[in-house]
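*Asks:* sequence first, predicted model second:
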Amino acid sequence: MKTALLFLLAMALRLAAADAEGDVILKDPVEVQSPDQKWTAVVRRAPSDDAPWTKDQDHFVLTIFSAKDGPYGERVFRYSSGPRQVANLRWSPDAKFAVMTTVSSGGHNPYRFDTYVYAVADRSLRIMADVSTERQVGDSDFKFEGSDIAVMDMKGFEEPSKIVKVPLGEEVPKMKKAE
């Protein structure tokens, strides 16, 4: 019991703070400009679209702006979902993809981090879990190798984690679109 409580406390502290690279986790709003300075991704906490009168901010809204007229030029994409909160948001080094990991706002499934990929080319949001149907993203933190390879910690049900390199340029068209 003591071990479980310590684990939960450690996870809460990790999710509420900035990591060693300075990425802000679960702050509101989160704004990240693409490496080429052409796009700005903004994530905000929000109430459910079905119950906007509630004070609960357990959903998120992702908005992508073109940055041709400053960081907040034309809005080119908007997506609302929940009940999840954003844990991490980063642009790929080639600025063609924004990858976002999320956590359950209710604390359910703390081992699973639903992950979304925004593709600049077709202005769509994809669900990364569909790359490998038997595995889910198992850590909110990730990194990039090269221009578009996302290095993710993937976990299966009752299986050890496995580091998977996801070449976004090849895999994103195969991923299911978020609705």
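*Replies:* Great, that's in hand. Residues are numbered from 1 along each chain as shown.
*Asks:* and the next element down the chain from the lowest-mean-pLDDT helix or strand in the chain?
*Replies:* Lowest by mean pLDDT, DSSP states H and E among the helices and strands of the chain is helix 2-16, with a mean of 41. Remark: after helix 2-16, the chain's next helix or strand is strand 30-33, criterion DSSP states H and E.
*Asks:* only the buried residues of that following strand, if you could.
*Replies:* With burial defined by 16 or more other C-beta atoms under 10 Å, the residues of strand 30-33 counted as buried are 30-33. Heads up, the C-betas are built off the backbone N, CA and C, glycines and all.
*Asks:* closest one to residue 179 out of those, please.
*Replies:* Taking C-beta to C-beta as the measure, residue 179 sits nearest to residue 30 out of these, at 22.4 Å.
*Asks:* list the contacts of that closest one.
*Replies:* Contact analysis of residue 30 by C-beta atoms under 8 Å, 6 or more residues apart in numbering lists 24, 41-44, 86, 89.
*Asks:* try residue 102
*Replies:* 60, 84-87, 113-116.
*Asks:* identify the bridge partners of it.
*Replies:* The partner list for residue 102 in beta bridges (DSSP bridges) reads residue 86.
*Asks:* could you list the residues in contact with stretch 168-179?
*Replies:* Contact with stretch 168-179 is made by 79, 81, 92, 96-97, 99, 116-117, 119, 124-128, 130-131, 148-150, as judged by C-beta under 8 Å, 6+ apart.
*Asks:* so what sits opposite residue 77 in the bridge?
*Replies:* Under DSSP bridges, the beta-bridge partners of residue 77 are residue 64.
*Asks:* thinking again about what came up before, output the buried residues of strand 30-33 as CSV; include the columns distance to residue 162 and pLDDT.
*Replies:* Shown next, in CSV, are the buried residues of strand 30-33 (distance: C-beta to C-beta, whole Å; pLDDT from 0 to 100):
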residue, distance to residue 162, pLDDT
30, 28, 80
31, 32, 87
32, 27, 90
33, 32, 92
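*Asks:* of all those, which comes closest to residue 75?
*Replies:* Distance to residue 75 across the buried residues of strand 30-33 (C-beta to C-beta) is lowest for residue 31, with 13.7 Å.
*Asks:* please name the nearest non-neighbouring residue to the closest one.
*Replies:* Spatial nearest neighbour of residue 31, chain neighbours left out: residue 42 (5.0 Å); criterion: C-beta to C-beta, 6 or more residues apart in numbering.
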